[in-house]
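In: Below: sequence and its predicted model.
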Amino acid sequence: MNRRIDITLTVNGERVSRSVDTRLHLIDFLRMELGLTGAHTGCEHGVCGACTVRLDGDPVRGCLVMVASLDGSVVETIEGLSDTGEIRDLQEAFVARNAAQCGYCTPGMLVTAADILVESPEATREEIREHISGNYCRCTGYQAIVDAVEDVLKARRTSEAA
Amino acid sequence: MNEIVTPKSLGLSREDLPNSYIGRSVPRPNARKLVEGRATYTDDVTLPRLVHAAFLRSPHAHARIVSVDPAAALAVPGVVRVFTGADLAKVCDPWVAVLAHLKGMKSAPQYPLPLERATWQGEAVVAVVAESRAAAEDGVAALAVAFEPLPAQVDMETALAPGAVVIHPELGDNLVFTRTAETGDVAAAFAAAHRIVEATFHTGRHTGVTLEPRSIIADYNRADGTLTVHHSTQAPHMMQNVFATQLRMAEGDVRVICKDVGGSYGIKVHVYPDEMAVACMSKIMGRPVKFIADRFEAFGSDIHARDHRIKGRLAVDAEGRFLAFDIDDLTGIGPYSVYPRTSAVEGNQVVNLCGGPYAFANYRCTTTVVLQNKSPTCQYRAVGHPIATTVTEGLVDLAAEALGMDKVAIRRKNLIRDDAYPCTSPAGMRFEGLSHHASLDKLLAMVPVEKIRADQLEQRQRGIYRGLGLASFIELTNPSPFMYGIGGAKISAQDGCTVRMDPDGSLVALSGVTEQGQGTEAILAQIVAHGVGVPVSKVKVVTGDTQTTPYGGGTWACRGAGIGGEAALQSAIALKEQILEVAGAMLQAQGSSLDIIMGEVVDKATGQVRMPLAELGRIVYYRGDTLPKDLARELVQTRHFITKEYPFAFTNGIQASWLEVDVETGMVKLLEHWCVEDCGRVINPMLVDEQVRGGIVQGIGGALYEHCIYNEDGQLLTTTLADYLVPMAAEMPDMHVGHVETPTKESLLGAKGAGEAGTAGAPAAIMNAINDALSPLGARVLAQPFTPDRILRALGTIA
């Protein structure tokens, strides 16, 4: 019943080749096969967003993607985004605003928030709230997260204008 | 009265010195690992020879387990073993969750896996252990388990009626606990009342939904007879005792390690049968076993809470003074009281807390706690408070309407005066010092009431219905042994902290309280840095390991800052004194003439730097030969703290909600929310504000969205995050938080708890705001969650 398939993909800039179970989800592949435990499993049915990672440039639910379908794909996780420094300002804003409490939702939240920075640089607070509504946080009540994203949007606009 | 030493008498640095950290918004030192994905949650831990457990869970609310045939499961590739209740009972004693001080309380023995009957849908019945979780789940699917369904007692309202299904026949009936508190002459007060208001409230059964599900790895090492448990828990020492006692081991042979915890809110402070099963299986197999609940099984096996029906009456005189509260509370707790805190405490808290903010003389409140075939309930954030606050504040608004009084005025008239402390409430709660009027004043300075009322009137002309709701509350924090210890539960109310200085002048603080995201480690670092006199960056904090930290209770019931923080402050002060004694010997000065500022020993009078701590450390650790022979040179100190004067340190506060009800759809839109609370000394204002905000949103969840819905057969219908709704970012309002500080005199630190205030008051504020919005339409809602369906029914739009 379980078939395996050979895939090669790029994860956080490194080429990875594996023979994977066809029923394996991307999030389990990252966590169990590659030891990339930054993204988390929260619901495993595509609602909570804790497993959000970047696939070919877009945020996706790691629990809804079958890794067997990802031959040739490019995957980025919170570990990769941290190493490249791409979202350092966002991470610093999350620390400064205490936008993470238990931290379980945070890596997924950051991947989604990073998408706002690129896709909606002029986003209002309401648009930020709308954009992160697919990422559940049980600790913060969201306000500090909205504040942090808003801070970074403003800072990036200011630095671009300068 | 307890004698309180002051910072001055202890030689603490002045508040305005650079290393004065108490009261400062310092970012959490351990937040960076969270934003870089470098935290270590239990599921991130992997061990050699690790196997994974999955459970077959009862598909019935109540059923006899007829037979278990593991053959097909054992044939699944990767499956290692199958365990039944009888297998695990050989190595594990059952537990009974009662507390001696809750008179007459009863519950049935509970095993890791049931022996004969499953008593709720979702109860773990058979375990499969395999090389991977996926293989274990394949094994569960292949198990052949025969159940004989039995009649289920689902409705708590009929649990004590003739003909009820008695869930544990040996108990005689389904009554777990009942208690009535009565003060004054309630009947006479009602007879003499100018007006009496009454209503029946429901708080919806809901649950914590920690984003990290319950997680455990148990690792029994046969070679040395030790059990190491990696556990996502709030109370490592309590769990150490539980594992040792139930598995018949010496407590010293059990070590509980708790690294990062992905949310708790009270969910992770209980003994779960499936987690006990994991420990049993590891003991039997002599290898590590991991179990991570998935979301489906979390909904059916995490504790639920707040399943209450409350009838309340309030008697008032013609001036609007409260004469008497008369409350009758009923709660269904599932088929077992949950070990070791028990499931009677939530109802007991309702009895303790109703009417809490107000001065009145006559009080009667009864709670009745009954068994039913649903998931067990137990303590969840703000235990009992949102229920008591809903009833109290709901009745207060009804009284204001009955008298034609302003809702602020009626509160101001009845709130306990700020100069009335210490005092004891009619329910018997002792208050050291609260600030209801100062908090109300502060709230009114933040909420633009006149503008809101003008807007409300204007919008009504346009068919838009907005409402403002208020809710005063008290919150129980810093619990003493009166909460659990006197009832026989091995739950420490005391906590400890060890602070040591290493050769480079850096400090390590080991604490018995724990971190689940509240910022416990951050405030401990601030307190220690403040107490010793070093930059906060020089302090590392260790929590969550029973083998290395001082024995303590962990973090629950808002005790981390108040209890753990005071232990940290006292050990830091003791270490500072020790350091200064050593420094005095080195510098040929009196220790009392020296101080420590930003990691340097200085002359107290002039501030002149005498020696960096790194130099002192170098000499003590590497050149002790140069010091006087009889000099005490232990650069480590431990202090423990327990409250002694008051059973609990009560806090208080008031919330306001401003919202809009769409009378066409029944949807509630939250516009703005305010909270003023008094948690005593604020150690880190940013972290306290964030605790309050997060708490408010969990309260909003219970008020508007979250509901564990069962059908009449006892089947849980809300087992995914698509069915069970939690607050999302787009629906939440901006929240304004203000503080009044009334430090407790029980400690030098003066801190009380702050983590539950938001949850305690938010549902009542929302309820009162919705009813304020609906008042021109003659509609009222009293059953949480206030869903569109319920609001439209109240409006008569749907039948």
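Out: Nice, thanks for sending it over.

In: so is the residue in chain A that chain B sits nearest to in a helix, a strand, or just coil?
Out: Using Cβ to the nearest Cβ, the single residue of chain A nearest to chain B is A:Gly38, 2.2 Å away. Yep, even glycine has a C-beta here, placed from its N, CA and C like the rest. Here A:Gly38 takes the coil state, with states given by DSSP: H, G, I helix; E, B strand; the rest coil.

In: My guess is it contacts A:Pro107. True?
Out: Yes: judged on Cβ atoms under 8 Å, A:Gly38 makes contact with A:Pro107 at a distance of 4.7 Å.

In: Common neighbours of the two, please.
Out: Common contact partners of A:Gly38 and A:Pro107 (Cβ atoms under 8 Å, 6 or more residues apart in numbering or on different chains): A:77-78, B:37.

In: Now intersect these with the strands, please.
Out: Here DSSP state E is the test, and the shared contacts of A:Gly38 and A:Pro107 give no hits in strands at all.

In: Generate a PyMOL selection restricted to the buried entries among those residues.
Out: Those of these that count as buried under 16 or more other Cβ atoms under 10 Å in any protein chain shown are selected in PyMOL with:
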select buried, (chain A and resi 77+78) or (chain B and resi 37)
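
In: Rebuild the shared contacts of A:Gly38 and A:Pro107 as JSON lines, extending it with pLDDT and distance to B:Leu782.
Out: As requested, those are exported to JSON lines (pLDDT from 0 to 100; distance: Cβ to Cβ, whole Å):
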{"residue": "A:Thr77", "pLDDT": "98", "distance to B:Leu782": "47"}
{"residue": "A:Ile78", "pLDDT": "98", "distance to B:Leu782": "45"}
{"residue": "B:Gly37", "pLDDT": "98", "distance to B:Leu782": "45"}
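
In: which one of the shared contacts of A:Gly38 and A:Pro107 sits closest to A:Val152?
Out: A:Ile78 (16.0 Å; Cβ to Cβ).

In: picking up where we left off before, grab the nearest non-local neighbour of the residue of chain A closest to chain B.
Out: In space, and not counting its chain neighbours, A:Gly38 is closest to B:Gly37: 2.2 Å by Cβ to Cβ, 6 or more residues apart in numbering or on different chains.

In: neighbours around the nearest residue to B:Ala605 once chain neighbours are set aside, how many?
Out: Among residues not flanking B:Ala605 along the chain, B:Ser593 sits closest, at 7.0 Å (Cβ to Cβ, 6+ apart). Neighbourhood size, B:Ser593 [other Cβ atoms under 10 Å in any protein chain shown]: 13.

In: Show me the strands in the stretch 1-150 of chain B, by range?
Out: Counting by DSSP state E, counting those that start in this stretch, the stretch 1-150 of chain B has these strands, from start to end: B:51-57, B:63-69, B:79-83, B:117-118, B:124-130, B:144-149.

In: how about those, which one is nearest B:Tyr705?
Out: strand B:51-57 (25.2 Å).

In: Can you tell me what sits against the closest one?
Out: Residues outside strand B:51-57 that contact it (Cβ under 8 Å, 6+ apart) are B:80, B:121-133, B:135-137, B:139-140, B:143, B:145, B:274, B:277-278, B:281, B:285, B:287-291, B:297, B:300-301.

In: neighbouring strands for that strand, and are they parallel or not?
Out: Strand B:51-57 pairs in its sheet with strand B:124-130 (antiparallel), strand B:289-292 (parallel), by DSSP bridges.

In: and the longest helix seen in chain A, what does it pack onto?
Out: Identified as the longest helix of chain A according to DSSP state H is helix A:143-161. Helices and strands touching helix A:143-161, by 3 or more Cβ pairs under 8 Å, 6 or more residues apart in numbering or on different chains; DSSP states H and E, are helix A:88-96, helix A:106-119, helix A:125-131, helix B:685-700.

In: Can you tell me which of those helices is most buried?
Out: Mean neighbours per residue, mean count of other Cβ atoms under 10 Å in any protein chain shown, is largest over these for helix B:685-700, with a mean of 27.

In: That one vs chain A: in contact?
Out: Yes: Helix B:685-700 reaches chain A (Cβ under 8 Å from any Cβ of the partner chain) through B:686-687, B:690, B:693-698.

In: Kindly reformat the residues you listed as JSON lines and extend each row with pLDDT and distance to B:Gly761.
Out: Listed next are these as JSON lines, based on pLDDT from 0 to 100; distance: Cβ to Cβ, whole Å:
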{"residue": "B:Met686", "pLDDT": "96", "distance to B:Gly761": "21"}
{"residue": "B:Leu687", "pLDDT": "97", "distance to B:Gly761": "19"}
{"residue": "B:Glu690", "pLDDT": "97", "distance to B:Gly761": "17"}
{"residue": "B:Arg693", "pLDDT": "98", "distance to B:Gly761": "13"}
{"residue": "B:Gly694", "pLDDT": "98", "distance to B:Gly761": "14"}
{"residue": "B:Gly695", "pLDDT": "98", "distance to B:Gly761": "9"}
{"residue": "B:Ile696", "pLDDT": "98", "distance to B:Gly761": "8"}
{"residue": "B:Val697", "pLDDT": "98", "distance to B:Gly761": "12"}
{"residue": "B:Gln698", "pLDDT": "98", "distance to B:Gly761": "12"}
